[in-house]
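> Prediction below, plus the sequence it came from.
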Amino acid sequence: MGMVVCLVVLLSGGCRQVDSPQSRDDVADPVVSVADVDREMNEAMEKAKSTVGEFIGYVTNPTPDMEAFFVKKPFKTNSGNREHIWVIVERFEDGFFWGRVDNAPADVPDLKNGDPVKVHPQEISDWMIVQGDGKIGGYTIDVLEARR
């Protein structure tokens, strides 16, 4: 059975100050392997996909306390698996999220922290909004935090 590799940003330290991707060190964030058949993780990803319309509404019409927007997208790895990587969203336009990679990928060729990417809403495995001292969304993070 294949493994899904989840890149966990914000897991170890909660929400962090939001910097531009270029200001972060190009060091891989913690990676957690999750089986493709992990029921809780699959439910979390399905919840994110089923509520992505709500997220698009926030991105296009944010409230003043919303500090940053993220989507998580699976990218193919050198080993043939998928690494789910956070993308900081700069805008939603022409049916896509446009943003920049917000992690140093562990096993994705030709992709680095700060690279521009576009993500179709159907491609996401999670979404998250940093708001004040908390977050909205981040369903896969919730699953992993519950396991700690």
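That came in fine, so what should we check first?
> quick one: N78 is in a strand?
No - per DSSP: H, G, I helix; E, B strand; the rest coil, N78 lies outside any strand segment and is coil.
> That one contacts A106, doesn't it?
No - using C-beta atoms under 8 Å, N78 is not in contact with A106; the gap is 9.6 Å. C-betas here are computed from N, CA, C, even on glycine.
> Counting neighbours around each, name which of these two comes out higher.
Relative neighbour count places A106 above the other of N78 and A106, with 15 against 11, counting by other C-beta atoms under 10 Å.
> So the more buried one, which state does it fall into?
Relying on three-state DSSP, one would call A106 coil.
> Quick check, pLDDT for it.
Note for A106: predicted pLDDT of 91.
> What about it? Give its phi and psi, please.
phi -80, psi -40 (degrees, to the nearest 10).
> For P74, give me its contacts.
V4, R82, E83, H84, I85, E123, S125 (C-beta atoms under 8 Å, 6 or more residues apart in numbering).
> next SSE after the helix or strand where the fifth one lies?
What that stands for is I85. Element membership for I85, per DSSP states H and E: strand 82-93. Downstream of strand 82-93, the first helix or strand assigned by DSSP H and E is strand 96-101.
> Contacts for the helix or strand following that next one, please.
Sequence-wise, the next helix or strand downstream of strand 96-101 (DSSP H and E) is strand 116-119. Residues outside strand 116-119 that contact it (C-beta under 8 Å, 6+ apart): V71, K73, V87, F96, F97, W98, G99, R100, V101.
> Tell me the spacing between the residue lying closest to the fifth one once chain neighbours are set aside and D38.
Ranked by C-beta to C-beta, 6 or more residues apart in numbering and with sequence neighbours excluded, the top spatial neighbour of F97 is V119, at 4.5 Å. Here the distance between V119 and D38 works out to 22 Å (C-beta to C-beta, to the nearest Å).
> quick one: the residue nearest to F97 from E145, how far?
Taken as C-beta to C-beta, the span from V119 to E145 is 24 Å.
> next one: E90
27 Å.
> what do you get for G132?
On the measure of C-beta to C-beta, G132 and E145 end up 18 Å apart.
> So those two - more neighbours on which side?
Set G132 next to E145 and count neighbours by other C-beta under 10 Å: E145 wins out with 14 against 9.
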